[in-house]
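Visitor: Have a look; sequence and predicted model below, questions after that.
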Amino acid sequence: MAGSSGGVVARLSGRELLANELAQDDGLQVRDLRAVPSADLSFSQLLDVVDLADEAVRAGAQGIVMTQGTDTLEETAFLVDSVWPHDAPFVVTGAMRNPTLPGADGTANVLSAVQVARSSSARDRGALVVLDDEIHAAAHVRKAHSTSTGAFVSPDTGPLGRVVEGTVQFLGRTRRRQPLTGFTRKALQETRIALYTATFADDPAVLEAVAGTCQGLVVAGFGVGHVPSALAPRLGELAATIPVVLASRTGAGPVLADTYGAVGSERDLRERGLIGGGFLHPFKARVLLRLLVASGATRAEIEAGFADLGG
């Protein structure tokens, strides 16, 4: 479909995405909620979907499949994983090739996602991401390429499994997270969490916008959790007033806690009050911190929330 600017606006309905073998499947209930670019999705919209999915599972649904654009899929899947209370699988999928292109992958991805959602072996695994016949844990998956059909990867763990000849095969397992509760939609809407990425020859003045305007900050540091030394004092001052989480901008591997000791190193920053983000990617760390702050979590509870993911 062409938009007003001449570009593609890919907004197929749920039925349009079904493969031939699913189109006449009476066991599938299809609901179209919002046809919006994934870049425009909000916490509230995703929680609306989770609420409807919750109702469906309570009414007897075996599993859930949600389709969306892939721009924010790694974050939305993590949000779902953070709040999903059921053993029934919640599978998120999308497409890397829009439906006007040869070899569009949306229908195949939906078919694989439905097969995973129906598999008993997918139960009690939280939210899963299924694309290109690979099954990923929502807590670890990343979109690592802008156009490839194999864009979604889990650098620290690899895929949990694959769909082979229509059969769901799990090769590994991650520990199921406890769903977060205690927040309200209003509190989420009012909670502002900033994400700051450390860069070469950085300027600490850019951090001033965070003070007094945000209730939390995620710092995507170099490597194992380092920032330029000029930023360290200001980050320490911020950590005295709001929770500041230290993650790695590399996209794989953890931040450390006690290896390097220079000003701006992970040890120095932890001593200044920053909270270690473990293996969690900065994008997902921002989602988790927003949920925790909105729920009124104490510093100890925030630390425990990140420690649960390797912090």
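Guide: Okay, I see it.

Visitor: pretty sure residue 162 is in a strand, no?
Guide: Yes - counting by DSSP: H, G, I helix; E, B strand; the rest coil, residue 162 falls inside a strand.

Visitor: For it, grab the count of nearby residues.
Guide: Around residue 162 there are 17 other residues, counting by other C-beta atoms under 10 Å. In this view, the C-beta of every residue, glycine as well, is placed from N, C-alpha and C.

Visitor: now do the one 4 residues further on
Guide: Using other C-beta under 10 Å, residue 166 is surrounded by 10 other residues.

Visitor: any idea which helix or strand carries the closest residue to it other than its chain neighbours?
Guide: In space, and not counting its chain neighbours, residue 166 is closest to residue 115: 6.1 Å by C-beta to C-beta, 6 or more residues apart in numbering. According to DSSP states H and E, residue 115 maps onto helix 106-117.

Visitor: pLDDT averaged over that helix, what's the number?
Guide: Helix 106-117 carries an average pLDDT of 95.

Visitor: before we move on, what about stretch 47-59?
Guide: Rounded mean pLDDT across stretch 47-59 is 97.

Visitor: what distance separates it from the centre of its chain?
Guide: Stretch 47-59 sits 19 Å away from the centroid of its parent chain (C-alpha atoms, centre = their mean, to the nearest Å).

Visitor: Tell me which residues are up against the helix holding residue 115.
Guide: Where contact means C-beta atoms under 8 Å, 6 or more residues apart in numbering, the residues beyond helix 106-117 that reach it are 12, 17-19, 21-22, 28, 62-65, 67, 89-95, 97, 99, 122, 128, 130-133, 135, 163, 166-168.

Visitor: Mind checking which of these are in strands?
Guide: Under the assignment DSSP state E, the contacts of helix 106-117 contribute 64-65, 67, 90-93, 128, 130-131, 135, 163, 167-168 to strands.

Visitor: between those residues, which has the most around it?
Guide: In the ones in strands among the contacts of helix 106-117, the most neighbours by other C-beta under 10 Å go to residue 130, 32 neighbours.

Visitor: Just put the ones in strands among the contacts of helix 106-117 in TSV and tack on pLDDT and distance to residue 192.
Guide: Putting the ones in strands among the contacts of helix 106-117 into TSV (pLDDT from 0 to 100; distance: C-beta to C-beta, whole Å) gives the following:
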residue	pLDDT	distance to residue 192
64	98	30
65	97	32
67	96	29
90	98	27
91	98	31
92	98	25
93	98	30
128	98	30
130	98	32
131	98	31
135	98	34
163	98	39
167	97	45
168	98	40
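
Visitor: quick one: which two of those are the most distant?
Guide: The span of the ones in strands among the contacts of helix 106-117, defined through C-beta to C-beta, is set by 67 and 167 at 21.9 Å.

Visitor: if I look at the residue nearest to residue 117 when sequence neighbours are not counted, how far off is residue 140?
Guide: Of all residues not flanking residue 117 in the chain, residue 63 sits nearest, at 3.1 Å (C-beta to C-beta, 6+ apart). Using C-beta to C-beta, to the nearest Å, residue 63 is found at 20 Å from residue 140.

Visitor: With residue 165 instead?
Guide: Looking at residue 165 against residue 140, where the rule is C-beta to C-beta, the gap reads 25 Å.

Visitor: Same check on residue 97?
Guide: In this view, residue 97 and residue 140 are 24 Å apart by C-beta to C-beta.

Visitor: In the chain, which residue is most central in space?
Guide: For the chain, the residue nearest the mean C-alpha position is residue 75 (2.5 Å; C-alpha atoms, centre = their mean).
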